[in-house]
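**Q** Here you go, sequence then predicted model.
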Amino acid sequence: MAVPVFAPWEDPTQKPLIQFKGVTKRFGDFTAIDNQTLDIYTREFFALLGPSGCG
């Protein structure tokens, strides 16, 4: 018996729990994130890691 795959991004009725649109982050002359768009859905695991590996 196949287990259904969790893929809310394939369901047009699902809305993201958290949504970032066009995010840019700079540290002086260094651009860490440039125009990033991201959708995070319910039950999804997500982490941001920095250059040292910390989140």
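**A** In hand now; what should we look at? Numbers count the residues shown, from 1 in each chain.
**Q** quick one, phi/psi of the residue nearest to residue 14 when sequence neighbours are not counted?
**A** Distances taken as Cβ to Cβ, 6 or more residues apart in numbering place residue 8 nearest to residue 14, at 4.0 Å, with adjacent residues excluded. C-beta here means a position set from N, CA and C on the backbone, and glycine is covered the same way. When quoted as degrees, to the nearest 10, the phi and psi of residue 8 stand at phi -60, psi -30.
**Q** Then residue 7?
**A** In terms of degrees, to the nearest 10, the main-chain angles of residue 7 are phi -150, psi 70.
**Q** Burial check on it, number of neighbours?
**A** A count of neighbours around residue 7, defined by other Cβ atoms under 10 Å, yields 9.
**Q** The helix or strand harbouring residue 31 pairs with which strands, parallel or anti?
**A** Take DSSP states H and E as the rule and residue 31 turns out to sit in strand 30-40. Strand 30-40 has its sheet partners listed here by DSSP bridges as strand 18-27 (antiparallel).
**Q** Roughly how far does residue 50 sit from residue 16?
**A** Distance of residue 50 to residue 16, computed by Cβ to Cβ, to the nearest Å: 23 Å.
**Q** Looking at the two, which one has more neighbours?
**A** The residue with more neighbours, out of residue 50 and residue 16, is residue 16; 14 against 8, by other Cβ under 10 Å.
**Q** Looks like that one contacts residue 41 (just checking).
**A** Yes - using Cβ atoms under 8 Å, residue 16 is in contact with residue 41, at 5.6 Å.
**Q** For the residue sitting nearest the centre point of the chain, list the residues it contacts.
**A** Centroid-nearest residue in the chain: residue 38, 4.1 Å away (criterion: Cα atoms, centre = their mean). Applying Cβ atoms under 8 Å, 6 or more residues apart in numbering, we find residue 38 in contact with 19-20, 23.
**Q** Name the residues linked to it by a beta bridge.
**A** Beta-bridge pairing for residue 38 (DSSP bridges): residue 20.
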